[in-house]
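Engineer: no sequence for this one, just the structure:
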Ligand code: B1H
């Protein structure tokens, strides 16, 4: 009897065949917890703690089956009676513990640390509703709570509890663990999620994301990134961050002591990687704990922190560089405020002749990135260009003083989830062509010899077609949208943000609509899909989404255009949807305003799954282009230097571009009668006016070139020999973007832990 059959008999007294997908899901959860539960946790002396506000881990069923080596057997057992892992996985709800690239990166890193045998845990919060769930109704986004926490769960309640002291009250936490199994490993790591004992889901208004923001004792771990557009919201964010890091710091010190540390030597036992500045309060919190509870002097505690904490910066967007008024920190955590003041004095004393170096500015506002750079031993950016920009513009004054602290770690993606699991047929083709070694070393360069192989081209085209059909079925089931599986699938999936320029692709769509109306019928039909959430308080992002949804409807209802062109807004974009969208894509849209996207990681997932990229020279796109060469990628737009220069000189005026004959009709269509028929007039005018008068992220500056390159790219698609050659080339160069390579680099340069193997592809 197979292992699953055995469990189903034991627990449900019925066969696999007689069981529902929900029951099979329960059975598999138990099987995994039996097999995985027996694995020891990694017990190496030194451990990395990856502290992050987000872990966008996705569903865990297939990933855990794969990593534990159970996948093939379970698949056979299920298939034998007409069932499938994919169907069973529909019974699993996706954890809502992250928002975008930063959280997904953290999840890929957990998978890679475990798979390389590195002793590394994630530490964060267990949000009951996490990030909101997106519904689209009346062509607009509605945000509702995501009730992802169910009876069947990967969370194991631990007996570990801590007290977190705020000025007016003390909160008690409980730690929940999720096991993290590496690929083909005999030990495991964990994701450690803290929850608030007194939390209460009853305080939210029914089916809404509104709640009493002042009721900290009950709301603290309900939502990820609750609306912070008012002061109460800002305070809640400080409460959450401090709750997270106080728990993290207490856990780290407790575990280090258990492993033999006297805490003065903490750096031999722990390294703390902070994922952006959200966990930066861990610096003063460690100092507080070390001085008040463990007998270290202030100076000793500072030295311990300086040798233990490392900081990753993920953005240079001004609004995301966190700064907190000292008055607020004083009000919530007076001891922490006092320590931050001492740290500010410390820095000012060290650099008396550099007034630009401080932690607290003249308005009594604390800059979290400054604190992380001064009191950490490493600061890294997430792609070569991003790190360069940190050194030369944003953080240049720090770089001047601490050049040796700055380093680059180009992001990566886990090949377990983003090829072996989401595109198993393509993974099998790699096995056939390369042998199975790529599954561990992720080196796909051996595919280069098939660049001109017509048979391989045909196999790849067939797989793409198969994945398009899978996507079609999924969209029809999820939202009733029927797409054409014989069309070019062109996708932009990511958070809605002006700098990512969904509005530029939106204006392209208007151009294409006009063009088809004029009789220029595309040789192959085209489907453009968008997916992504917009922050509920971010009006222009909502306006852009609204306009795209209206265009989608307008095109659908136009019989001259709809057979050739379709625009789809994918509802509630998340990890599971990415897993069906990406394998089906022909074209990957990576069109951010140069200098603004720190790295991007979707770009890497598309490349690995055989899509070609249209992109600006931004983030990791630059490194993708370097590897595949200019003939295998479709680049356009102003350089990051040009853009930085334009910001510095106030040199961009949208009117100069708007007045051009190719652009004006596209922008003006936003407020046309056709659009207003179903549209919200206020939103349409707001967006139109913003593009004309502000266009802060310069959608118009690259628009004409974007239109030309898109048309060229669609033309190239018709030459399938050439297209497929480019596809093979792109896949072959994707190995560098494995997160196993990224984690190997972190380990070699920053963490210095034991590992089973490493990947070196510099
Ligand atoms: C990234 C964020 C982020 N960078 C603040 N910064 C947030 C900052 O709600 N907040 O407070 C939320 C998210 N996210 C992303 O990180 C970058 O934009 C991507 O370019 C990058 O690939 C990703 C991982 O490094």
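Structural biologist: That came in fine, so what should we check first? Fair warning: this is a prediction, and the values are worked out from it, not measured in the lab.
Engineer: any low-confidence regions in the stretch 501-650 of the chain?
Structural biologist: Applying pLDDT under 70 to the stretch 501-650 of the chain flags no residue at all.
Engineer: excluding chain neighbours, what is closest to residue 363?
Structural biologist: The shortest distance from residue 363 to any non-neighbouring residue, by C-beta to C-beta, 6 or more residues apart in numbering, is to residue 325 (8.0 Å). Using the backbone N, CA and C atoms, a C-beta is placed for each residue, glycine as well.
Engineer: could you do residue 409 as well?
Structural biologist: residue 380 (4.8 Å).
Engineer: residue 646 too?
Structural biologist: Nearest one to residue 646, counting by C-beta to C-beta, 6+ apart, is residue 652 at 4.7 Å.
Engineer: does the one you found really touch residue 699, like I thought?
Structural biologist: No: using C-beta atoms under 8 Å as the test, residue 652 is too far from residue 699 to be in contact (10.9 Å).
Engineer: the two - which one has more neighbours?
Structural biologist: residue 699 (26 against 18; other C-beta atoms under 10 Å).
Engineer: same for the helix or strand where residue 86 lies, what does it pack against?
Structural biologist: Residue 86 belongs to helix 85-89 when assigned by DSSP states H and E. Using 3 or more C-beta pairs under 8 Å, 6 or more residues apart in numbering; DSSP states H and E, the elements in contact with helix 85-89 are helix 21-37, helix 61-67, helix 71-80.
Engineer: for that helix, buried residues please.
Structural biologist: Within helix 85-89, the residues scored as buried using 16 or more other C-beta atoms under 10 Å are 85, 86, 88, 89.
Engineer: quick one: contacts of that helix?
Structural biologist: 21, 24, 25, 28, 59, 61, 62, 65, 71, 74, 75, 78 (C-beta atoms under 8 Å, 6 or more residues apart in numbering).
Engineer: hang on, the earlier thing: ranking the helices and strands packed on helix 85-89 by burial, who's on top?
Structural biologist: Comparing the helices and strands packed on helix 85-89 by mean neighbour count (mean count of other C-beta atoms under 10 Å), helix 61-67 comes out on top with a mean of 24.
Engineer: rewinding a little: need the max-distance pair from the buried residues of helix 85-89.
Structural biologist: 86 and 88 (7.4 Å; C-beta to C-beta).
Engineer: picking that back up, any idea which of the buried residues of helix 85-89 is closest to residue 467?
Structural biologist: Nearest member of these to residue 467, counting by C-beta to C-beta, is residue 86, at 12.6 Å.
Engineer: any idea how far the closest one lies from residue 58?
Structural biologist: Note on residue 86: its distance to residue 58, by C-beta to C-beta, to the nearest Å, is 14 Å.
Engineer: same question, residue 26
Structural biologist: Taken as C-beta to C-beta, the span from residue 26 to residue 58 is 19 Å.
Engineer: check residue 615 too.
Structural biologist: Distance from residue 615 to residue 58, by C-beta to C-beta: 25 Å.
Engineer: which one of these two has more residues nearby?
Structural biologist: residue 615 (27 against 24).
Engineer: tell me, how many residues neighbour the residue nearest to residue 280 when sequence neighbours are not counted?
Structural biologist: In space, not counting the residues next to it along the chain, residue 280 is nearest to residue 368; the distance is 4.2 Å by C-beta to C-beta, 6+ apart. For residue 368, the number of neighbouring residues by other C-beta under 10 Å comes to 23.
Engineer: now do the contacts for residue 368.
Structural biologist: With C-beta under 8 Å, 6+ apart, residue 368 has these contacts: 277, 280, 281, 321, 322, 323, 324.
Engineer: now list the buried members of those residues.
Structural biologist: 277, 280, 281, 321, 322, 324.
Engineer: wait, which of the residues you listed is closest to the ligand?
Structural biologist: For the buried ones among the contacts of residue 368, the closest approach to the ligand (C-beta to the nearest ligand atom) belongs to residue 322, at 7.5 Å.
Engineer: pretty sure the closest one sits against residue 279.
Structural biologist: No: proximity of residue 322 to residue 279 does not meet the contact threshold set by C-beta under 8 Å, at 10.7 Å.
Engineer: retrieve the pLDDT associated with residue 762.
Structural biologist: We have a pLDDT of 60 for residue 762.
Engineer: spell out which parts of the chain neighbour the ligand.
Structural biologist: With C-beta under 6 Å from any ligand atom as the criterion, the chain comes near the ligand at residues 99-102, 105, 225, 276, 314-315, 320, 382, 411, 597-601, 619.
Engineer: just the ones in strands from the residues you listed, please.
Structural biologist: Within the residues of the chain next to the ligand, no residue falls in strands by DSSP state E.
Engineer: in ChimeraX, how would I select the buried members of those?
Structural biologist: In ChimeraX, a selection of the buried entries from the residues of the chain next to the ligand looks like this (16+ other C-beta under 10 Å):
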select :99,100,101,102,105,225,276,314,315,382,411,597,598,599,600,601,619
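Engineer: out of the residues of the chain next to the ligand, list just those in helices.
Structural biologist: Secondary structure from DSSP state H places 101, 102, 105 of those in helices.
Engineer: can I get the residues you listed in CSV with pLDDT and distance to residue 497?
Structural biologist: Listed next are these as CSV, based on pLDDT from 0 to 100; distance: C-beta to C-beta, whole Å:
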residue, pLDDT, distance to residue 497
101, 98, 11
102, 98, 13
105, 98, 17
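Engineer: out of the residues you listed, which is nearest to residue 206?
Structural biologist: residue 102 (30.8 Å).
Engineer: hmm, back to that, for the helices and strands packed on helix 85-89, give me a markdown table that also has distance to residue 195 and mean pLDDT.
Structural biologist: Shown next, in a markdown table, are the helices and strands packed on helix 85-89 (distance: least, C-beta to C-beta, whole Å; pLDDT from 0 to 100):
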| stretch | distance to residue 195 | mean pLDDT |
| --- | --- | --- |
| helix 21-37 | 20 | 96 |
| helix 61-67 | 22 | 98 |
| helix 71-80 | 31 | 97 |
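Engineer: can you tell which of those helices is closest to residue 733?
Structural biologist: Per C-beta to C-beta, nearest to residue 733 of those: helix 61-67, 24.1 Å.
Engineer: domain ranges for the protein?
Structural biologist: Domain assignment for the chain by the TED database gives 39-58+94-411+745-750, 452-639+702-737.
Engineer: JSON lines for those domains, including distance to residue 687?
Structural biologist: Converted to JSON lines, these look like this (distance: least, C-beta to C-beta, whole Å):
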{"stretch": "domain 39-58+94-411+745-750", "distance to residue 687": "13"}
{"stretch": "domain 452-639+702-737", "distance to residue 687": "4"}
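Engineer: nearest to residue 677, out of those?
Structural biologist: Here domain 452-639+702-737 is closest among those (C-beta to C-beta), at 8.2 Å.
Engineer: could you say which helix or strand holds the spatially closest residue to residue 53 that is not a sequence neighbour?
Structural biologist: In space, and not counting its chain neighbours, residue 53 is closest to residue 278: 4.0 Å by C-beta to C-beta, 6+ apart. Applying DSSP H and E as the criterion places residue 278 outside every helix and strand.
Engineer: contact partners for residue 278?
Structural biologist: Here residue 278 is in contact with 52, 53, 241, 244, 322 (C-beta under 8 Å, 6+ apart).
Engineer: my guess is residue 699 meets residue 507, correct?
Structural biologist: Yes: using C-beta under 8 Å, residue 699 is in contact with residue 507, at 6.9 Å.
Engineer: where does the chain dip in pLDDT?
Structural biologist: 762.
Engineer: where is the longest helix in it?
Structural biologist: Max-length helix for the chain by DSSP H is helix 231-258.
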